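Q: From the sequence below, what's the structure:
(chains A and B)
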Amino acid sequence: MNHPGDIEHVFGADKKLGDIVRRDEILPLLEQAAALGGIMLSVTGADGGVIASAGEEPDMDFITDRREVMIEGEPSGTVIARGDAEDAERLRGVAGMVHAALAVIVASNMKRVLTTDLHTSVVRQSYTELIKTNRRLAASEAQYRELAGKLELMVAERTKELQQAHTRLLQQEKMASIGQLAAGVAHEINNPMGFITSNINTLGRYAGRMREMLNVLREMAAQRFSGADSEFVDRRWRTTRMDHILADIDDLVHQSLEGAERVKKIVADLKGFSHIDDGQEVLTDLNAEIDRTLSVLAHEIPPDAEIARQYGVIPGFKCNPALVCQAFLNIILNAVQARGAGLKLLINTAGDDEGRIVITITDNGPGIPPEIIARVFDPFFTTKDVGAGTGMGLAVVYDVIHRYGGETGVESEPGMGTTFTIRLPAAAGGETGDVALR
Amino acid sequence: MIEYDDIDNRMVLKLVYYGPALSGKTTNLLRLHDILASEGRGDLMVLDTRDDRTIFFDLLPFFMIAPGGLRIKVKVYTVPGQVRHDATRKAVLQRADGVAFIADSREAEMANNFESFENLERNLAFVGLDIAAVPLVLQFNKRDMVDIQPEDEIRKKWSPTGIPVIMASALEGWGVVETFRALAGMVYDAVDRRYSLKEAQGLDKKVFVENLSHRSDCDAHKDNEGVAPPPQRHDT
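A: Numbering: from 1, shown residues only, chains lettered A, B, ... in the order given. Have a look, this model is predicted:
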């Protein structure tokens, strides 16, 4: 059976006569009938046990009338009448009447008992089902509540992920455009720069020879010319400031070559910074990348700024250098923008005991108010005026560093300055010296 | 089985007449009561009804004593067919030893038959019985009506299930006893397998079925007209 608890209440279980009629119910009938007939009447169950009895047991010479009481077609009890043998007819009449009345009571009670049984069974079963349903609903409600509670968290998580993905995409797109532009500009500038440098070198050599020749001519003139001619040459030599020119020409050439070198370096840095050549992850010397970032930013950094670089020996880090440069740039640019004149910037790199790379960038800017410091890495969070800032700068830092399994941190004391800390995980790779630099 | 007591040497079996509302379950029992002899059975107990619709159940009890002394009571119940009385059906179906499914032959009632049969299957499972194992006969009642599904169609549909199918008109009184006897025979087989009615009690199937369904003498002369199915009608 499925429901062991219900076994006692199997509907349809057989009833004994004693279950169906109670003594009190039939006793008045027996008493009245016994008195009427002057006889003894009793009703017994199938096992012979007396259910009810009335009247006096006759002393002697009596006869007994037994009539079976049927329940559901099965003999289930007996109506026993005992009385004077001389009044047998009355005995049978009264016994018959009692038997018939009892049959009516039995049938009627039987219906009531069965209906009650069924009702009880149905109520019990319905109640059990209700409890089950209730339990199921409660469980499902709890589940939905939990889901609803989690849903907010899940939505928040997904939103954050989406924002980060969005940031990354924006960033990639930006880097791609910068890269393309840089590559184009680099190419266009490098060609003329090539012949400019080469020509200036040649010009310098020519100038040297011209000076040599001029000096020869001047010495010859001093020997051969005299009087007015000699004076004329001397005067012209002085008015054309030939001594100064001959002395300055090397400086000019030298400075021009330096200038050309700087242009070449700027172009190379721009190209290198955007890393248009390699979107791949390579083992990167982060110290060199910070230098590169600073040189790209040279024109943004005020002339009086003091930039201190304390580079430690750090292992090469496998990453896409363009992204890491972008992260450095965003932090440094923030510092530059936060404090124009009198900027002091301390950039420190070091390896910690566990092989991680720790980079700190400290400025002496106005600092970040404590109430917003927790949000500075959030995408689209900006304190700048609408249109001035995207709110993406530090979000990109967060995204890039976390993408490489690193951590970002920020500490700030308003009025004193801000320190950004980047921790990058230990990775396979040798010391800086072993890194194959691009 | 409602009860088996080997010390008291008694057994109480339960047969259930199941089916959709108004398919004639109570009428089947009324006819059995009319047709079968009153010895060995009790009166038909029709519990309180409303508008002639069964809301509790009907009960027709039988009683016999096997030669081996086993006292066997067979209680035949109907269930209320109306959908709303499902809890009552489950209670009555508890520990059933056999089921007669009374279907309404009218074309319009086929959906109700189907639904009720599904309900039977579900409720049997609910009370822990396997419809494939429990003795089951299928009666297509109301063959006296006109808009009924043809017999060959019914047989074609049901013969693959192996469930005995009996055509009947409870109103006219034929097919009713056959249904009851078919069910009684299957119930005997099932009980005999577990309780060796024949070996231990000397009660064979024929005697068991006959004891349950012998016709009253006064009705004997009616047998030919009332109880036997009329010649097959060919409605086409």
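Q: In what element of secondary structure is residue 186 found?
A: Since no chain was named, I'll use chain A. Here A:Ala186 sits within helix A:88-224, counting by DSSP states H and E.
Q: The chain in question should be chain B.
A: Element membership for B:Met186, per DSSP H and E: helix B:176-195.
Q: Kindly report the same for A:Gly342.
A: Residue-wise, A:Gly342 maps onto no helix or strand under DSSP H and E.
Q: Give me the neighbour count for residue 164.
A: Answering for chain A, as no chain was given. A:Gln164 sits with 17 neighbouring residues when counted by other CB atoms under 10 Å in any protein chain shown. Where C-beta positions appear, they are placed from N, C-alpha and C, glycine not excepted.
Q: that's the wrong chain, I wanted chain B
A: Using other CB under 10 Å, the number of residues around B:Pro164 comes to 19.
Q: Against chain A, how distant is it?
A: Per CB to the nearest CB, to the nearest Å, B:Pro164 is found 24 Å from chain A.
Q: List the contacts of that residue.
A: For B:Pro164, the contacting residues are B:137-138, B:182, B:186, by CB atoms under 8 Å, 6 or more residues apart in numbering or on different chains.
Q: out of those, which one sits closest to A:Ala268?
A: B:Leu138 (94.5 Å; CB to CB).
Q: Please name the residues that touch A:Asp14.
A: A:72, B:2-3, B:12, B:73.
Q: mind checking pLDDT for A:Lys271?
A: pLDDT, A:Lys271: 67.
Q: whoops, I mixed them up, A:Ile307
A: 88.
Q: Could you do A:Asp278 as well?
A: A:Asp278 is given a pLDDT of 55.
Q: And the next helix or strand past the one helix or strand A:Ile249 maps to?
A: Counting by DSSP H and E, the element that carries A:Ile249 is helix A:242-274. Next helix or strand after helix A:242-274 toward the C-terminus (DSSP H and E): strand A:282-284.
Q: Which strands border that following strand, and is each parallel or antiparallel?
A: Strand A:282-284 pairs in its sheet with strand A:317-319 (antiparallel), by DSSP bridges.
Q: for the partner strand, what is the average pLDDT?
A: The average of the pLDDT scores along strand A:317-319 is 86.
Q: same question, stretch A:78-86
A: Averaging pLDDT along stretch A:78-86 gives 92.
Q: what ranges of the chain fall below the confidence cut-off?
A: No chain specified, so I'll use chain A. In the predicted model of chain A, residues A:1-9, A:171-172, A:175-176, A:178-179, A:269-279, A:379-380, A:385-392, A:427-438 satisfy pLDDT under 70.
Q: Actually, chain B is the one I wanted.
A: Applying pLDDT under 70 to chain B picks out residues B:48, B:217-236.
Q: List the residues that contact the spatially most central residue of it.
A: Centroid-nearest residue in chain B: B:Ala100, 3.9 Å away (criterion: CA atoms, centre = their mean). By CB under 8 Å, 6+ apart, the contact list for B:Ala100 reads B:15-18, B:28, B:136-139, B:179-180, B:183.
Q: Over to A:Arg423?
A: Applying CB under 8 Å, 6+ apart to A:Arg423 gives the contacts A:352, A:356-358, A:406-409.
Q: So what does residue 38 have for phi and psi?
A: Went with chain A since none was named. Note on A:Gly38: backbone dihedrals following degrees, to the nearest 10 are phi 60, psi 40.
Q: could you do chain B instead?
A: Phi and psi for B:Ser38, reported as degrees, to the nearest 10, are phi -80, psi -20.
Q: which bits of the stretch 51-200 of chain A sit near chain B?
A: Selection of the stretch 51-200 of chain A residues close to chain B by CB under 8 Å from any CB of the partner chain yields A:70-74, A:107, A:110-111, A:114-115, A:118, A:121-122, A:125-126.
Q: now, among the contacts of A:Arg423, which is nearest to chain B?
A: A:Glu407 (59.6 Å; CB to the nearest CB).
Q: so who does that closest one touch?
A: Counted by CB under 8 Å, 6+ apart, A:Glu407 has contacts A:401, A:421-423.
Q: biggest separation within the residues you listed, which pair?
A: A:Ile401 and A:Thr421 (10.1 Å).
Q: Compute the number of surrounding residues for B:Ala133.
A: Residues near B:Ala133, counting by other CB under 10 Å, number 9.
Q: Next, it: phi, psi?
A: The phi/psi pair for B:Ala133 (degrees, to the nearest 10) is phi -100, psi -30.
Q: hang on, the earlier thing: from the contacts of A:Glu407, list just the buried residues.
A: Among the contacts of A:Glu407, those buried by neighbour count (16 or more other CB atoms under 10 Å in any protein chain shown) are A:401, A:422-423.
Q: show me what contacts A:Thr349?
A: Residues in contact with A:Thr349 (CB under 8 Å, 6+ apart) are A:286-287, A:290, A:310-312, A:314, A:357-359.
Q: ChimeraX command to pick out the buried ones of those residues?
A: Only the buried entries of these go into this ChimeraX selection, using 16+ other CB under 10 Å:
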select /A:286,287,290,311,314,357,358,359
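Q: In helices only, show me the contacts of A:Thr349.
A: Among the contacts of A:Thr349, the members falling in helices (DSSP state H) are A:286-287, A:290.
Q: Mind putting those into TSV with distance to chain B?
A: Putting these into TSV (distance: CB to the nearest CB, whole Å) gives the following:
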residue	distance to chain B
A:Leu286	71
A:Asn287	76
A:Ile290	75
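Q: so where do the strands sit in chain B?
A: B:3-5, B:10-18, B:45-46, B:49-50, B:53-54, B:58-65, B:71-78, B:98-104, B:136-141, B:165-167 (DSSP state E).
Q: Good, we can wrap up now.
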